[in-house]
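*Asks:* Generate a structure from the sequence data that follows.
(chains A and B)
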Protein chains: 2
Amino acid sequence: MDSIEEKFLKLGAEFAPGQEVRQKTKEVELRGEKISGTPVDFSHGDVDAFEPIPGSLDVFIEGVHLGGKQAYTEYRGSKIIREKVAEKLSDFMGTTINPDLNFIITPGTQGALFLAMGSIVSRRDKVAIVVPDYFANRKLVEFFEGEVVPIQMDYFKSDSAAGLDLTQLEDSFKAGVKLFLFSNPNNPTGVIYSEDEIWRIAELAQQYGVTVIVDELYSRQIFEGRAFTHLCAENIVDPENVITIMGPSKTESLSGYRLGVAFGSAKIIDRMEKLQAIVSLRAGGYSQAVMKSWFSEPEGWMEERIAQHQAIRDDLISKLRAAGGFEVRATEAGSYLFPRIPDLGVPINEFVKILRLQAGVTVTPGTEFGPQYIDSFRINFSQNHKEAVDAIDRVIQVVEAYRNEHVR
Amino acid sequence: MDSIEEKFLKLGAEFAPGQEVRQKTKEVELRGEKISGTPVDFSHGDVDAFEPIPGSLDVFIEGVHLGGKQAYTEYRGSKIIREKVAEKLSDFMGTTINPDLNFIITPGTQGALFLAMGSIVSRRDKVAIVVPDYFANRKLVEFFEGEVVPIQMDYFKSDSAAGLDLTQLEDSFKAGVKLFLFSNPNNPTGVIYSEDEIWRIAELAQQYGVTVIVDELYSRQIFEGRAFTHLCAENIVDPENVITIMGPSKTESLSGYRLGVAFGSAKIIDRMEKLQAIVSLRAGGYSQAVMKSWFSEPEGWMEERIAQHQAIRDDLISKLRAAGGFEVRATEAGSYLFPRIPDLGVPINEFVKILRLQAGVTVTPGTEFGPQYIDSFRINFSQNHKEAVDAIDRVIQVVEAYRNEHVR
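*Replies:* Numbering: from 1, shown residues only, chains lettered A, B, ... in the order given. Below you'll find the predicted structure:
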């Protein structure tokens, strides 16, 4: 096998959200009848249930009418739009972002992550990755031929912190880690790192000269007014060693426009733009115009959205806890839940297939987020409230059926 | 310097089209007065002069109204749209494209190129690249740490062929080249490879087991009914070793939507999708809907567009030939011209700056397309006809001024 084949073997995407249709259909044997109900795809948010920011299509259309100026922006994005967004984002983050030097508009937050990783990671570089964390993090390190150094996060340990193993983190930094990449709020668990954790991460990064990428994609949708600490605002790490990633694809439901941003280190942003120039030139020119509606939502819109998601979260968690056998930590931000299920005697990938075929419910297997999560799955509960609750009932039914069979 | 810094030094983008604002402004000394006239940016086509396919915004809006189904497609693109486009493209190319296995929708043609290269090229792989050719080709090989093997194309040699050095190509294949990447029609010269050339390329690729990527971005805008040979339709190379790239960004002026496609080898398309999953997930979901207008333009629209471009081409070429000192081969397809200018005693990058500052005309320096093109520049003449002609007059004036001074 040549080296490129080997590299791509590690990039399997068939269990990634939305890719179910490409799974090699090895037949699974269903135990019991199909359970009827409206199909729910928990692998990503439902932008029909939670619609894009009002007026976003209008600003897109205005962008198209602007013509060539909007179609062909600098690779790092339209200067006017960078200026507008950098100002609003500076306010939100509690920092100062220079739109000329420290800011890039990217094709989605995934685009930001790819460009940042490609601008930092070389072959054999050690990269510390939280377990569990967003599945692309590990794949990106592998694609750029770096070495993944896993850092455990025990999210069931306490409700007042994410549970990152800071000793393991320091040991990895001592052992030569070049980059630490993590999502805050964490994907898939929806937990927020405590102020203490962020400070400690920052102190260690500064002490050992480690670059940090923080993916804060979900940092606007915070439940119960919990505190959120933006690492970039703490001024502990040299700003030239920090990149923060953000975007309007999730809470704001603008995923269809493929928009994200990265800000921080001028040196890294510069490289990211050079890379963007050969990756896809720029975030879609007309789409960039949609950034104008970001952080300029109608009065009360975001509060309402957060309240609606919190209500769904509460119902799902009650159901799962009442069912017994599930272990679940409440989402603190964003719209992910990462329940642990009892041993069912079938591998998690098969359980996920069964769920889809028997109950019309799509979830993402825990193993996408770390090899040991053979007993967990992720759901994105940004869905129609009633349909989500019904779907969780069906999940519980399937788990019950397999569990009883297994222990019998 | 660490290896990532070194890698990015080779990726300089400040002379790439549209990136002029990021050039370090070393002052250039202008000789003579500024020449007034409407500024023309020849570095890319003007989508205000040649507007997108009629109705493209309408199908976009329909896509937005389709909601989640359109926002979250498979990474390789919406199945329905793949089916529609693959059928139309099969007709155009004279081949059969299976929309499920052999086709991917990408964020622009640049996206297709990046994904294809990233799916084929590993460290130390030898990649044959035509000189001159699209500037990103060389940069992509360098980014993936392959080795560029330049193949000369003497485009002034004959009017009946592109002028590729086929002996040099065979020698490179013998010496272990893994991939041959070329654009047809060629960017920056606008010449078409003859049927003989395509056959010979195909025979050599088949003989030596070399993979071929053909970038046919401009293959719809063919002047004077010239023959065009699609390598993929000739069935000489094992189809699993061929990728063809295409898109609606140029002739169809849809660049602002960031859309491209690649088709061919199922194995490579598969890898491209896995890579897309970590690069930016998918081509913008709503933008994908715009593909519906591609190859379904109003009756006569494409013919009219071709005629208009041919008329601009003819006027510019007459002017340049009448001016004396310029050497120019007529564009056969697309909207690029790549004139050779007389020695002016200033480096080409400085000449390009002078043109912009003194005459309001932006062109791309020849050195972007190969290090030896210190005496050439590229223009994209998809512009307002009169403004383009006036701008070429100004280019001629500047060249005259510097030329006289230099030989004095």
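
*Asks:* contacts, neighbours, all on C-alpha from now
*Replies:* Will do.

*Asks:* where along chain A do the strands fall?
*Replies:* Ranges of strands in chain A, per DSSP state E, are A:40-41, A:103-106, A:126-131, A:147-152, A:179-183, A:211-215, A:242-246, A:260-264, A:336-337, A:361-362, A:364-365, A:377-380.

*Asks:* how close does residue A:298 sit to residue A:60?
*Replies:* Separation of residue A:298 from residue A:60 (Cα to Cα, to the nearest Å): 17 Å.

*Asks:* okay, the two: which has more neighbours?
*Replies:* Set residue A:298 next to residue A:60 and count neighbours by other Cα atoms under 10 Å in any protein chain shown: residue A:60 wins out with 23 against 11.

*Asks:* isn't the more buried one right up against residue A:285?
*Replies:* No. Using Cα atoms under 8 Å, residue A:60 is not in contact with residue A:285; the gap is 9.5 Å.

*Asks:* Sketch out the low-pLDDT regions of chain A for me.
*Replies:* Along chain A, the parts satisfying pLDDT under 70 run over A:1, A:22-27, A:407-408.

*Asks:* how's it carved up into domains?
*Replies:* Per automatic domain parsing, the structural domains of chain A span A:3-51+A:300-407, A:56-293.

*Asks:* So for stretch A:367-383, first residue to last residue, what's the gap.
*Replies:* So stretch A:367-383: terminal residues 23 Å apart, Cα to Cα.

*Asks:* before we move on, the earlier item: tell me which of the domains of chain A lies nearest to residue B:303.
*Replies:* With Cα to Cα as the measure, domain A:56-293 is the member of the domains of chain A nearest residue B:303 (22.6 Å).

*Asks:* Apart from its neighbours in sequence, what residue is nearest residue A:181?
*Replies:* Using Cα to Cα, 6 or more residues apart in numbering or on different chains and skipping residues adjacent in sequence, the residue nearest residue A:181 is residue A:213, 4.7 Å away.

*Asks:* count of neighbours near the one you found?
*Replies:* Other residues near residue A:213 come to 24 when the count uses other Cα under 10 Å.

*Asks:* what is it paired to in the beta sheet?
*Replies:* Beta-bridge pairing for residue A:213 (DSSP bridges): residue A:181, residue A:243.

*Asks:* related to what we said a few turns ago, deepest of the strands of chain A, which one?
*Replies:* Across those, averaging neighbours per residue (mean count of other Cα atoms under 10 Å in any protein chain shown) puts strand A:103-106 on top, at a mean of 31.

*Asks:* Helices along chain A, start to end?
*Replies:* All helices of chain A, identified by DSSP state H, fall at A:3-9, A:56-66, A:68-71, A:79-93, A:108-120, A:135-143, A:166-174, A:195-208, A:266-279, A:285-288, A:301-323, A:348-359, A:385-407.

*Asks:* Just give me how far the third one sits from the chain centre.
*Replies:* Between the centre of helix A:68-71 and the centre of its chain there are 30 Å (Cα atoms, centre = their mean, to the nearest Å).

*Asks:* Please see if that helix touches chain B.
*Replies:* Yes. Using Cα under 8 Å from any Cα of the partner chain, helix A:68-71 reaches chain B at A:68, A:70-71.

*Asks:* Most neighbours among those, which one is it?
*Replies:* Tallying neighbours with other Cα under 10 Å puts residue A:71 at the head of the residues of helix A:68-71 next to chain B, with 29 neighbours.

*Asks:* just checking, that residue touches residue B:256?
*Replies:* Yes. Residue A:71 is within contact range of residue B:256, at 4.0 Å (criterion: Cα under 8 Å).

*Asks:* Next, count neighbours for the closest residue to chain B within the stretch 101-250 of chain A.
*Replies:* Closest to chain B within the stretch 101-250 of chain A is residue A:111: 4.5 Å, counting by Cα to the nearest Cα. By the measure other Cα under 10 Å, the count of residues near residue A:111 is 31.

*Asks:* Tell me the spatial nearest neighbour of it, not counting adjacent residues.
*Replies:* Nearest residue to residue A:111, sequence neighbours excluded (Cα to Cα, 6+ apart): residue B:280, at 4.5 Å.

*Asks:* phi, psi of that neighbour?
*Replies:* phi -160, psi 30 (degrees, to the nearest 10).

*Asks:* List, one by one, the residues from the stretch 1-150 of chain A near chain B.
*Replies:* Counting by Cα under 8 Å from any Cα, the stretch 1-150 of chain A comes close to chain B at A:3-4, A:8, A:11-13, A:18-19, A:46-48, A:57, A:61, A:64, A:67-68, A:70-75, A:107-111, A:114-115, A:119-122, A:136, A:139-140.

*Asks:* Please pick the buried ones from those residues.
*Replies:* Neighbour-count burial (16 or more other Cα atoms under 10 Å in any protein chain shown) applied to the residues of the stretch 1-150 of chain A next to chain B gives A:4, A:8, A:11-13, A:18-19, A:46-48, A:57, A:61, A:64, A:67-68, A:70-75, A:107-111, A:114-115, A:119-122, A:136, A:139-140.

*Asks:* Any chance of a markdown table for the residues of helix A:68-71 next to chain B, columns distance to residue B:266?
*Replies:* Converted to a markdown table, those look like this (distance: Cα to Cα, whole Å):
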| residue | distance to residue B:266 |
| --- | --- |
| A:68 | 36 |
| A:70 | 35 |
| A:71 | 32 |
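
*Asks:* Next up, the contacts around residue A:368.
*Replies:* By Cα atoms under 8 Å, 6 or more residues apart in numbering or on different chains, the contact list for residue A:368 reads A:15-16, A:134-135.

*Asks:* Indicate the residue of the stretch 251-400 of chain A located nearest to chain B.
*Replies:* Relative to chain B, the nearest point of the stretch 251-400 of chain A is residue A:256 (4.0 Å; Cα to the nearest Cα).
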